[in-house]
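Chemist: below: sequence and its predicted model.
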Amino acid sequence: RPESCVCPPAGGGIGAIAMNKDRWFDAIKRDARALRMAPREHQRDLRLLQSTVKKDGKTIALADGDGLEDRNLALAAVRQNGSALQYLLPEFQADKELVLEALRQEGLALQFVAQELRENWEIMLAAVRQNGMALSVVHSSFRDNRRLVLEAVQQNGMALRLAGPDSKRDREIVRTAIRNSVQALELCHQSLREDPDIVLEAVEVKGEALRYTTLKLRTDKDFVLKAVARNVWALSGASGELQKDREFIHECMNINNMALEFAAREVREDPQFLRDSASLDNSRLRSNYLMGIAKEQAISVRNAAQRGLSTSEGELRAPSSPLARGGASRGQRLSSFGQRRLSGSGSDLRPQTSGGSFAASRSP
């Protein structure tokens, strides 16, 4: 600590540390945050502020006098951090060029824009393009503006939550939202949540999308089979009743053996079900898959025995859940049976037909 350092100085800022001017300038050039601890006379220094706002736009809050009225200083601050708009003079918050610069950095800075610019089309569009959730700051009369909402959900699908009722019934808006985030499916109007085409499109994006639809579709056997054919992970969103239905799980496994991963625990852990499954399809693909599960069960039994846990002799138990089965063993099994994600494509390999051939499709 330098001998010239005295803390705190008389008349300095909160938590200020007194050093000679050259030392302060050197410290602030290295780290703009040091300005927050500097004595007030340094915080007012226009030359220092011009340097620091380019690294930390919010240090504009320390400006006063000439610094507050310097438009170039304000512009540099919002270019670095759009939220710095909140610390500017009202005349700058009403400056369209400066406001647009701020919104290109942070859409939610729309809340700090002067009232006369809040409903300007170019301003609103810039805000939602940068951050779809800026729709929350847009006047309610614009939340059903089709173009504005489309821009918002394209940036963030969950912005559909903030849209008006008409937008939540609009098929194109809803499709755009779920392509961005399948969870947006539960935010749209009931009629679209039950629309098979909309839901199947969401399932293709991500299998778990089925859980965000209505119970009517989640309990519909024919529909769930169609969804599993698109993406086997869809079974994870089916109703508990279907996940316990042994015959239905066999049907799903005829489409994709990995459907067993998403069956109810009582089905996955039933040795008789596994034997029945093997007898219903004696293909090499099914045999290898079930053999992989048997190996994993044997390892689980052995590990349990080593830990001194009691397990019925000769009974092989499947792991508790698909997620609990994660890690190396599940990854090895997925790889062994052609289920590994395609390198560089973000896809899974899933059966295209009941015959067991595999085709590329999107990740679950």
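Modeler: Happy to help now that I have it.
Chemist: for Gln80, which non-adjacent residue is closest in space?
Modeler: Leaving aside its sequence neighbours, Gln80 sits nearest to Gly57 (C-beta to C-beta, 6 or more residues apart in numbering; 3.6 Å). Glycine gets a C-beta too; all of them are placed from N, C-alpha and C.
Chemist: so what's the one you found up against?
Modeler: Ala76, Ala77, Val78, Arg79, Gln80, Asn81, Gly82, Ser83, Ala84 (C-beta atoms under 8 Å, 6 or more residues apart in numbering).
Chemist: which secondary structure element contains the second one?
Modeler: Just to be clear, that refers to Ala77. Ala77 is located in helix 71-80, with elements delineated by DSSP states H and E.
Chemist: show the average pLDDT along that helix.
Modeler: The average of the pLDDT scores along helix 71-80 is 93.
Chemist: circling back to that earlier point, would you check how far apart the residue nearest to Gln80 and Val78 are?
Modeler: 6 Å (C-beta to C-beta, to the nearest Å).
Chemist: pull out the buried positions in stretch 240-259.
Modeler: 242-243, 245-246, 248-259 (16 or more other C-beta atoms under 10 Å).
Chemist: so which residue is dead centre in this structure?
Modeler: In the chain, the C-alpha nearest the mean C-alpha coordinate belongs to Ser181, at 7.5 Å (C-alpha atoms, centre = their mean).
Chemist: which one is that one nearest to, not counting chain neighbours?
Modeler: Closest to Ser181 by C-beta to C-beta, 6+ apart is Gly157, at 3.1 Å.
Chemist: give me the number of residues near that neighbour?
Modeler: 23 (other C-beta atoms under 10 Å).
Chemist: I'd assumed Glu119 was in contact with His139.
Modeler: Yes - at 5.8 Å, His139 and Glu119 qualify as touching, with contact defined as C-beta atoms under 8 Å.
Chemist: between the two, which has more neighbouring residues?
Modeler: Per other C-beta under 10 Å, whichever of His139 and Glu119 has more neighbours is Glu119, with 13 against 10.
Chemist: where's that one relative to Ala305, distance?
Modeler: Counting by C-beta to C-beta, the gap from Glu119 to Ala305 is 71 Å.
Chemist: burial count for Arg146?
Modeler: Other residues close to Arg146 by other C-beta under 10 Å number 13.
Chemist: quick one: low-confidence ranges for the stretch 1-150 of the chain?
Modeler: 1-21, 32-33, 42-44, 65 (pLDDT under 70).
Chemist: which residues of it fall in helices?
Modeler: 21-30, 40-43, 46-52, 71-80, 90-93, 96-105, 115-118, 121-130, 146-155 (DSSP state H, counting those that start in this stretch).
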